[in-house]
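>>> give me a 3D structure for the following:
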Amino acid sequence: AWDYGFLFRYSNDYNQARLVIDSDGTWRLINLSGNESDYKFTDIPEGTIYNLDTSTGGSNRLLLVCQSSSGWLYINYEFVAVFDLSFRGTAGDVAIGTGINNGHEIAGEATGYTDFTIWSLP
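Coordinates of the predicted model:
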C-alpha cells in the first residue's frame with residue numbers, strides 16, 4: 001500500500017487539511033485539528049478514482065483547486081470531485097507528501113514529483 005497527496009491550509013503539524021490519494025484507487029479528505037498532546041483526525045468525504053495510474057513506474061497529474069469554502073480535485077486531466085472546505089476556512093501553507101497514512105510507506109522506495117506549482121486565485 002502507498003499514498004501521496006496534499007497537506008494544505010496548514011498552520012502547524014496538528015492543524016491542516018489533508019487530501020490523500022491511495023493506491024487502492026480512492027481519495028480521502030481529512031481534517032487534522034488540535035495540538036501535540038490532543039489532536040483529532042476527522043474524515044470528511046472520500047471517493048473513487050477511476051483513472052489512477054498504479055502501474056510500476058506510472059505517474060499521475062494531480063490538480064487541487066481551493067477557493068474560499070470549496071475545493072475541486074482533478075486527476076490526469078479529469079474532474080474527480082468537488083468538496084466543502086468550510087471546516088478549514090483560514091489560509092495556510094501547502095505541502096506535498098507520501099506515506100500520509102500509517103503503514104503506507106514502501107521501505108527503500110521514493111516517490112518523485114515535478115512541476116509542483118502554487119497559484120493565487122483572483
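>>> mind listing the strands whatever helix or strand residue 19 lives in pairs with, and their directions?
Assignment of secondary structure by DSSP states H and E places residue 19 within strand 15-22. Paired with strand 15-22 in the same sheet, following DSSP bridges, are strand 3-12 (antiparallel), strand 26-35 (antiparallel).
>>> most tightly surrounded among those strands?
When you average the neighbours per residue for each of these (mean count of other Cβ atoms under 10 Å), strand 3-12 leads with a mean of 19. In short, each C-beta sits where N, CA and C put it, glycine included.
>>> quick revisit: closest one to residue 101 among the strands paired with strand 15-22?
For the strands paired with strand 15-22, distance to residue 101 was read as Cβ to Cβ. The smallest value, 5.3 Å, belongs to strand 3-12.
>>> for that closest one, what does the pLDDT average out to?
For strand 3-12, the mean pLDDT works out to 93.
>>> and the nearest residue to residue 28 once chain neighbours are set aside, what does it touch?
The shortest distance from residue 28 to any residue that is not its chain neighbour, by Cβ to Cβ, 6 or more residues apart in numbering, is 4.2 Å, and that residue is residue 46. Under the criterion of Cβ atoms under 8 Å, 6 or more residues apart in numbering, the contact list for residue 46 reads 26, 27, 28, 29.
>>> pick the one among these closest to residue 61.
Nearest member of those to residue 61, counting by Cβ to Cβ, is residue 27, at 14.2 Å.
>>> tell me how far residue 12 lies from residue 93.
Noted for residue 12: a distance of 9 Å to residue 93, by Cβ to Cβ, to the nearest Å.
>>> cool, residue 65 as well?
On the measure of Cβ to Cβ, residue 65 and residue 93 end up 17 Å apart.
>>> returning to what we had before: now render the strands paired with strand 15-22 as TSV, adding distance to residue 109.
As requested, the strands paired with strand 15-22 are arranged in TSV below (distance: least, Cβ to Cβ, whole Å):
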stretch	distance to residue 109
strand 3-12	12
strand 26-35	20
